[in-house]
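1. Here is my input; please provide its structure:
(one chain, ligands or ions: 1)
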Amino acid sequence: MATVLRRLSLKTIGSLYSSGGITFPFTTPDQSPFLTRNLRSLVFWHPYSRNMCSVANYEPQSGASLSAALNLDDRVPATIITGFLGSGKTTLLNHILTSQHGKRIAVIENEFGEVDIDGSLVASHSSANEDIVMLNNGCLCCTVRGELVTMLLELVKKKRDKFDHIVIETTGLAKPGPVIETFCTDEQISRRVKLDGVVTLVDSKHAMQHLNEVKPRFVVNEAVEQVAYADRIILNKIDLVTDADLEALTKKIQHINGMAQIKHAKFGIVDMDFVLGVGGYDLDRIDSEVPSNGSHCENHTNKHGHECHQGHHHDHKHDSAVSSVSIVSEGNLDLDELDDWLERLVEEKGEDLYRMKGILSVKDSEARYVFQGVHSTLDGCPGKPWGPDEKRVNKLVFIGRNLDESALKKGFKGCLV
Ligand SMILES: Nc1nc2c(ncn2[C@@H]2O[C@H](COP(=O)(O)OP(=O)(O)OP(=O)(O)O)[C@@H](O)[C@H]2O)c(=O)[nH]1
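-> Next up is the predicted model:
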């Protein structure tokens, strides 16, 4: 059964505020379809992310309700660092903790086993006294997910004034899906913490072997999942590979995830704005995040100075069951058809749809429509208006398992007017 997020109009938020408290929005009786409901209101509030979306068409009804609504998002951003065993997660974490970014960081270090080796490595590297390091034993994605919730709540309830950003380092064998879903589905967490992004470290020397590993039926390949869920991918340890190896790996990764920005690095050295303040789940960033043709690949730290080419994965054969499908197409979409298609899609394929993002041109609408989703949780709102001479190009990216590219394209085409 699809979980399509409900929204409240600004007017409703205002009345909830003035009535002395916010009621959790899932209690809204609004049963209208996802897009139709959202496009026909003016300003929307995401019950989990509390993002204010486009205010372009909004006529303020009362100063108090607008400012109350605009001040809603005081949640602390959280970054998940994931990546296969030995890929350089702790190295990146130490780089974050010793860099000048002006943020006080709270770290949740997930150690699998009795001895907290990574914890002491991190603690001994952290330069800022204010940084907080917490440890939990076990695997975040399975046995200790409840513990993650407890730790996050403890942080935000008791120490909120002591840090500006949370970084969670998962174990090398963690599946990111369940950890991400904690931020979307746990009401207490989603009210206080906002998922900023998933940063995946890839060991350039060994990743191909892990990505190609064939697992028994129903067993997940963690390395593939970690790439698939990423908002940012760091191809680390480039000092250990040749140009050709790096190019092949980049293509393989772009085939799995055509949405994430990729950077090459040695010892996790990347600019801080590549990993913190990513806004991977912010609807107002989707316009700049959805690539028009394949994934972004910036190569600032590439020792070899070669360029990555977007969209080239179509020239190669890959056997991975997890892949991405991009649709770039001019034209206007019929709102009702689109609504039906998206709802049907997440209902039927939600399990297999890891991430999706899109910018859509809807008939008779002045503004872009932006949406993003994780499995069957969809989230969308009107975005920037189209310019008078601007080509109205729809861009959608789906990342998931066993995606049927032709069925997705056909479904999309069926929504064009
Ligand atoms: N040559 C080389 N070594 C690196 C690079 N980045 C990290 N390393 C080394 O690789 C080893 C593993 O790095 P970690 O940061 O501990 O990796 P991790 O992902 O946290 O490892 P686990 O916690 O075991 O999953 C360490 O010895 C690092 O110093 C790199 O770019 N090049």
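
2. Residue numbers of the chain in contact with the ligand?
-> Taking Cβ under 6 Å from any ligand atom as the measure of proximity, the chain contacts the ligand at 83, 85-91, 118, 172, 201, 236-237, 239-240, 266-268. Every residue, glycine included, has its C-beta placed from N, CA and C.

3. 8 Å instead?
-> Remark: the part of the chain in contact with the ligand comprises 83-94, 117-118, 121, 169, 171-172, 201, 203-204, 236-240, 265-268, using Cβ under 8 Å from any ligand atom.

4. could you flag which of those residues are buried?
-> Buried subset of those (neighbour count, 16 or more other Cβ atoms under 10 Å): 83-84, 87-94, 118, 169, 171-172, 201, 203-204, 236-238, 265-266, 268.

5. Cross the residues you listed against strands and list the overlap.
-> 83, 169, 201, 203, 236 (DSSP state E).

6. Now the two most distant members of the residues you listed.
-> Maximum pairwise distance in these, criterion Cβ to Cβ, is 15.2 Å, between 169 and 203.

7. Give the pairing partners of the strand or helix carrying residue 194; include direction for each.
-> Taking DSSP states H and E as the criterion, residue 194 maps to strand 193-203. If you go by DSSP bridges, strand 193-203 pairs up with strand 76-83 (parallel), strand 232-236 (parallel).

8. Could you find the lowest-pLDDT member of the ones in strands among the buried ones among the residues of the chain next to the ligand?
-> The member of these with the lowest model confidence is residue 169, at 89 (criterion: pLDDT).

9. in the stretch 201-350 of the chain, which spans are helices?
-> 207-212, 222-228, 243-256, 272-275, 286-289, 335-349 (DSSP state H, counting those that start in this stretch).

10. Could you take these and lay them out as TSV, with extra columns for mean neighbour count?
-> Written out in TSV, the entries for the helices of the stretch 201-350 of the chain read as follows (neighbours: other Cβ atoms under 10 Å):
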stretch	mean neighbour count
helix 207-212	18
helix 222-228	26
helix 243-256	20
helix 272-275	16
helix 286-289	17
helix 335-349	18
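
11. quick one: which of those helices is nearest residue 162?
-> helix 272-275 (19.8 Å).

12. For the closest one, enumerate the helices and strands it packs against.
-> Of the remaining helices and strands, those touching helix 272-275 by 3 or more Cβ pairs under 8 Å, 6 or more residues apart in numbering; DSSP states H and E are helix 89-98, strand 232-236.

13. Mind telling me which of those the model trusts least?
-> Per-segment mean pLDDT for the helices and strands packed on helix 272-275 reaches its minimum on helix 89-98, at a mean of 90.

14. Tell me the helices and strands packed up against it.
-> strand 76-83, strand 105-111, helix 117-125, strand 165-169, strand 193-203, strand 232-236, helix 272-275.

15. The longest one versus strand 165-169: what angle between them?
-> What that stands for is strand 193-203. When axes from the mean of the first three to the mean of the last three Cα atoms, to 10 degrees is applied, the directions of strand 193-203 and strand 165-169 differ by 40 degrees.

16. quick one: the strands in the stretch 301-417 of the chain?
-> 322-330, 353-360, 367-374, 377-385, 393-401 (DSSP state E, counting those that start in this stretch).

17. a markdown table for those, including mean pLDDT?
-> Formatted as a markdown table, those follow (pLDDT from 0 to 100):
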| stretch | mean pLDDT |
| --- | --- |
| strand 322-330 | 90 |
| strand 353-360 | 88 |
| strand 367-374 | 85 |
| strand 377-385 | 82 |
| strand 393-401 | 90 |
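
18. how about JSON lines for those strands, with mean neighbour count added?
-> JSON lines is the format used below for the strands of the stretch 301-417 of the chain (neighbours: other Cβ under 10 Å):
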{"stretch": "strand 322-330", "mean neighbour count": "19"}
{"stretch": "strand 353-360", "mean neighbour count": "24"}
{"stretch": "strand 367-374", "mean neighbour count": "23"}
{"stretch": "strand 377-385", "mean neighbour count": "22"}
{"stretch": "strand 393-401", "mean neighbour count": "21"}
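
19. Now render those as a markdown table, adding distance to residue 148.
-> Output for these, formatted as a markdown table (distance: least, Cβ to Cβ, whole Å):
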| stretch | distance to residue 148 |
| --- | --- |
| strand 322-330 | 24 |
| strand 353-360 | 19 |
| strand 367-374 | 17 |
| strand 377-385 | 18 |
| strand 393-401 | 23 |
